[in-house]
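A.B. asks: Make a model of this:
(chains A, B, C and D)
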Number of protein chains: 2
Amino acid sequence: MKQANKKIFREFAAQKGLKSTRQRDAILDLFLSSDRHMSIEELYLKLRAKYPTIGYATVYRTLKLFAESGIAREIHFGDGQTRYEHVGRGEHHDHLVCTRCGAIVEFSNETIENLQEAVAEEHGFLIETHKLELYGICARCRK
Amino acid sequence: MKQANKKIFREFAAQKGLKSTRQRDAILDLFLSSDRHMSIEELYLKLRAKYPTIGYATVYRTLKLFAESGIAREIHFGDGQTRYEHVGRGEHHDHLVCTRCGAIVEFSNETIENLQEAVAEEHGFLIETHKLELYGICARCRK
DNA sequence: CAGCAATTGAAAGTGATTTTCACTATACAG
DNA sequence: CTGTATAGTGAAAATCACTTTCAATTGCTG
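C.D. replies: Residues are numbered from 1 along each chain as shown, chains lettered A, B, ... in the order given. Down below sits the predicted model:
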């Protein structure tokens, strides 16, 4: 997926007349090779190690571009920070979030998705997206 | 539920040594008699009609107390504003949110809940809470 | 290489929420 | 009732997570 997403973003950039800059490339590489759920702050701190002058604004702007290009998606876990996660084409999943250690596990369940459709239909809604998060204590923290 | 929740909050307040003030009572009454999903701003504006000197800080502080006491719950629909909804004991429901007009419809579906439990178990999680939001276009906006 | 538009980073600006602080109001003791 | 301790209030300042502005760079195209 890494290479595919790199290509998707390059094409998106070309089409929008975006320039390729050192900062942008560095952020793209870091994002694609990172954990699947990074906050701006985490990205910024890691970037600064290699790139001491980089600014928050650049990281924010660049991640917005990633989201716009379709390779990233914003997620909110209610802690006031926006995180970004990777997106593979067409792929969708939901999250289990550990309230102790913050661990995030992805899952997807087709039956649930179908039931969601059914519920929406009952109420006359046409679903565009959804968000399903289960909060609890992960296996490790339960021990 | 109104009376029950009033009582729950009174007991909570007594136990924590909180005083009963005019402002607090007014906010409690307004909250309990309001729509089920109010933002701080909506509450504040309505309160100011009867209570011109009330401050945002008081409304924020009071709603936090409601949440702590268990009669209210914070909800976030991704528009940057925190809303509070009523909580009946043990009761749970999820939301359909219209991305056009902002309408919010509640629903609950036991089969989905059970599947969530199953998913959590598969991953060793002990669920505490969950959040399920379906975003789309409501019946009225589709016409 | 020149020229221009896109990009960057520092700093100022936002909008929602929280904290501070001087003042006020409540509740319990006497 | 009346102090008195203590909690609560509101205005204003502070904070937090972003976003915008702007002057100085930097890529790209001709």
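
A.B. asks: burial of residue A:102, as a residue count?
C.D. replies: 12 (other Cβ atoms under 10 Å in any protein chain shown). (Glycine included, C-beta is placed from N, CA and C.)

A.B. asks: Look up how far residue A:141 lies from it.
C.D. replies: Note on residue A:102: its distance to residue A:141, by Cβ to Cβ, to the nearest Å, is 10 Å.

A.B. asks: quick check: domain ranges of chain A?
C.D. replies: A:2-86, A:94-142 (automatic domain parsing).

A.B. asks: Ok, which of those domains comes nearest DNA strand C?
C.D. replies: Nearest of those to DNA strand C, taken as Cβ to the nearest atom of the strand: domain A:2-86 at 2.9 Å.

A.B. asks: Could you check that closest one against DNA strand C for contacts?
C.D. replies: Yes. Domain A:2-86 is in contact with DNA strand C by Cβ under 7 Å from any atom of the strand, via A:13, A:17-19, A:21, A:23-24, A:51, A:53-58, A:61-62.

A.B. asks: Next, the spatially closest residue to residue A:62 that is not a sequence neighbour: secondary structure please.
C.D. replies: What sits nearest to residue A:62 in space, not counting adjacent residues and going by Cβ to Cβ, 6 or more residues apart in numbering or on different chains, is residue A:27, at 4.6 Å. Following DSSP: H, G, I helix; E, B strand; the rest coil, we place residue A:27 in the helix state.

A.B. asks: Residue A:27 and residue A:38: what is the separation?
C.D. replies: From residue A:27 to residue A:38 the distance is 11 Å (Cβ to Cβ).

A.B. asks: same check, this time on residue A:81
C.D. replies: 10 Å.

A.B. asks: More neighbours: which of residue A:27 and residue A:38?
C.D. replies: Neighbours per residue (other Cβ under 10 Å) separate residue A:27 from residue A:38, with residue A:27 holding more: 24 against 19.

A.B. asks: Confirm for me that that one is in contact with residue A:43.
C.D. replies: Yes. Between residue A:27 and residue A:43 there is a contact under Cβ atoms under 8 Å: 6.9 Å.

A.B. asks: Fine, thanks again, bye for now.
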